[in-house]
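[1] what would the 3D arrangement of this be:
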Amino acid sequence: LANFSSEGGGGVEQPVRSTLPVPKHKGFLGVMPAYSAEDDALVTKLVSFYPASSPTTPTHHATVLLFDPSNGILKAVMDGTVITDKRTAAVSAIATKYLKQKDLDVLCILGAGPVAVSHYEIFTQMFPFKQVKVWSRTRQRVQKFAETVKGPVQIC
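    Purely as a prediction, here's the structure:
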């Protein structure tokens with residue numbers, strides 16, 4: 001993440017995400033390439049978004065492709081969902097570190113899915129919250145969240 005704000009040779013080239021609609025199936029495919037000169041890393045993230053066919057079916061599916069930047073050969077195919085969940089929470093935590101008031105001691109999380117779990121994990125490691133409150137549209141999901149995380153949670 002540090003290289004995103006670098007100037008010149010150490011920076012990251014990351015064009016705006018391309019999105020391809022799949023109207024027949026009401027879905028979308030997002031393509032997000034990036035190259036870091038300092039890390040000499042060439043990566044593309046693919047994300048599909050389709051409406052859930054059932055409450056247990058995820059709406060997003062992500063895959064990360066790692067290429068050898070010297071010749072373009074595919075080196076790795078990784079599950080992008082966990083990577084995305086952790087990266088999203090890390091970016092939120094970095095922003096919070098610099099923007100939150102010092103006297104805040106309650107963490108409120110809206111939503112109870114995998115991204116919320118990642119937020120809970122990093123935020124409770126980085127900050128001394130006295131209380132954690134979680135809300136979700138369904139009581140079942142927020143109860144599952146409370147059972148998944150390590151630590152007390154107030155269900156809202």
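
[2] from now on I want contacts and neighbour counts done on CA atoms only, so please keep to that.
    Will do.

[3] given the helix or strand bottoming out on mean pLDDT in the chain, what are its sheet partners and their directions?
    None of the helices or strands of the chain scores lower by mean pLDDT, DSSP states H and E than strand 12-13, at a mean of 88. Here strand 12-13 is paired, per DSSP bridges, with strand 27-36 (antiparallel).

[4] buried stuff in the partner strand?
    Phe28, Leu29, Gly30, Val31, Met32, Pro33, Ala34, Tyr35, Ser36 (16 or more other CA atoms under 10 Å).

[5] can you give me how far it is from the chain middle?
    14 Å (CA atoms, centre = their mean, to the nearest Å).

[6] residues in contact with it?
    Residues from elsewhere that reach strand 27-36 (CA atoms under 8 Å, 6 or more residues apart in numbering): 3, 10-22, 41-51.

[7] now the angle from the next helix or strand after it to strand 27-36?
    Helices and strands here follow DSSP states H and E; after strand 27-36, the next one along the chain is strand 41-49. Angle, strand 41-49 to strand 27-36, by axes from the mean of the first three to the mean of the last three CA atoms, to 10 degrees: 170 degrees.

[8] strand 41-49 packs against which elements?
    Counting contacts by 3 or more CA pairs under 8 Å, 6 or more residues apart in numbering; DSSP states H and E, strand 41-49 is packed against strand 27-36, strand 60-67.
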